[in-house]
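J.: have a look at this prediction, sequence included:
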Amino acid sequence: MTLSMRSENEQRPVELDLTLVTRYAATFISRTDLYPVQQPDGRYITLHKPLGLSLIMQHLLGQITLGAYLLDVTSTAKSICLDADTDETWQGLLTLARSLQQQNIPAYLELSRRGGHLWLFTEPLDGSFARRFGKQLLAEHQLSSVELYPKQDQLVSGPGSLVRLPLGIHRLTGRKYHFITPDGEPLAPTFREQITLLASPSRVPFGFIMSLLVKTLPSVEAPKPILERNPTSPAPGHTLSERIKARISVLDFISEYVQLDTKHTGFCPFHDDQKQSFSVNVEQNYWHCFAGCPGQTVIDFWMLWRAKYGQEGSFTATIKELRDMLF
């Protein structure tokens, strides 16, 4: 099924197929059990009805304007959105985008009525981690006046904060706001090509996210030297692997990636876990999976994590990345 539409400044209709719209929706939509709709005065009301692809198609056609919640029902985010509503803060976001571009970190700039948004797409993150990542990014670039979405670490009551779903018409201005490069050029020359790029956005490398998150954690004091029976063996903290394990506790590190309860147990990320078989022993500073996933240290965990996401899971590659993340 395809629908035709005319985008702003285009003369020929643009064909939108359901596959493309489905992928676009997967980028921005976190929940489909309800949805916000923008009213003529710019405000939003929440409709407690299922959000289907037909409504998202209507949004792209300009027939309605939807909002997007950034947290799903488990308080997980797959993107953050930085919102600048003045010329000064918008210039700050442009500078941030250029800085990220120089580091090969993908960031997407969207114009808006009073400034613009900077979107950063990630692998699914706990809402608190997503916000800590965003807060640290803003702090390092001295952008305290820029709003960070999601605005909540976790959902308590209601669906949380929302932003206007991109590429729809703003009801107050009647305009459709497009995405641009840090140099101010269109992200893509046509409306359909912009949707296509946003349907498969590049995501922020997890190592970069962790490099910022670890700055918000207290360092773990290195253990005191212990007399060794073998005088030729290296002292604790002498090797890179020992320094990595002393730099941060297993609990602090793993809590960035696994949601643990008050007993420090949770679902293992390395197998299809249905019984919360993953546990961290705080006193002895190790993790364990009762289903048999191998490992105990921060290094073991990161080797498995890299392999899970298709990266080289060797010891050498892992400690090199951890060195860059933690020191």
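T.: All right, it came through fine.
J.: measure F301 to K78 for me?
T.: Going from F301 to K78 by CB to CB, to the nearest Å gives 22 Å. For glycine as for every other residue, the C-beta is placed from the backbone atoms N, C-alpha and C.
J.: higher neighbour count, those two?
T.: Between F301 and K78, counting by other CB atoms under 10 Å, F301 is the more crowded of the two (25 against 19).
J.: correct me if wrong: that one contacts W287.
T.: Yes: the criterion here is CB atoms under 8 Å, and F301 meets it with W287 at 6.2 Å.
J.: identify the contacts common to those two.
T.: Common contact partners of F301 and W287 (CB atoms under 8 Å, 6 or more residues apart in numbering): V250, I254, G295.
J.: flag the least confident of those.
T.: Across the shared contacts of F301 and W287, the smallest pLDDT goes to G295, namely 81.
J.: that one touches W287, doesn't it?
T.: Yes: counting by CB under 8 Å, G295 touches W287, with 6.8 Å between them.
J.: isn't there a strand covering H288?
T.: Yes: assessed with DSSP: H, G, I helix; E, B strand; the rest coil, H288 lies in a strand.
J.: identify the spatial nearest neighbour of it, chain neighbours not counted.
T.: Once flanking residues are discounted, H288 sits nearest to S279: 5.4 Å by CB to CB, 6 or more residues apart in numbering.
J.: same deal with Q259?
T.: The shortest distance from Q259 to any non-neighbouring residue, by CB to CB, 6+ apart, is to G266 (5.4 Å).
J.: so who does the one you found touch?
T.: Here G266 is in contact with V258, Q259, L260, Q276, F278, S279 (CB under 8 Å, 6+ apart).
J.: bridging residues for it?
T.: Beta-bridge pairing of G266 under DSSP bridges involves F278.
J.: mind listing what the lengthiest strand in the chain pairs with, with the direction of each?
T.: Criterion DSSP state E: the longest strand present in the chain is strand 116-126. Paired neighbours of strand 116-126 in the sheet (DSSP bridges): strand 76-84 (antiparallel), strand 108-111 (antiparallel).
J.: among these, show me which one is buried the most.
T.: Mean neighbour counts were compared across the strands paired with strand 116-126 using mean count of other CB atoms under 10 Å; the top stretch is strand 76-84, at a mean of 23.
J.: just the terminal-to-terminal distance for stretch 158-173.
T.: Using CA to CA, to the nearest Å, the end-to-end distance of stretch 158-173 comes to 28 Å.
J.: next one: it to chain centre, how far?
T.: 19 Å (CA atoms, centre = their mean, to the nearest Å).
J.: for that stretch, what is the average pLDDT?
T.: 93.
J.: swap in stretch 189-209?
T.: Mean predicted lDDT for stretch 189-209 stands at 91.
J.: quick revisit: mind giving me TSV with the strands paired with strand 116-126 and columns for mean pLDDT?
T.: Converted to TSV, those look like this (pLDDT from 0 to 100):
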stretch	mean pLDDT
strand 76-84	95
strand 108-111	96
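J.: in a markdown table: these, plus distance to L18.
T.: Formatted as a markdown table, those follow (distance: least, CB to CB, whole Å):
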| stretch | distance to L18 |
| --- | --- |
| strand 76-84 | 21 |
| strand 108-111 | 23 |
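J.: out of the ones you listed, the one nearest E242 is which?
T.: Counting by CB to CB, E242 lies closest to strand 76-84 out of the strands paired with strand 116-126; the figure is 34.0 Å.
J.: any idea how far the nearest residue to S112 once chain neighbours are set aside is from K49?
T.: Setting aside the residues directly before and after it, S112 is nearest to Y177 in space (CB to CB, 6+ apart), at 5.4 Å. For Y177, the distance to K49 equals 26 Å [CB to CB].
J.: what does T316 give?
T.: Distance check for T316 against K49: by CB to CB, it reads 53 Å.
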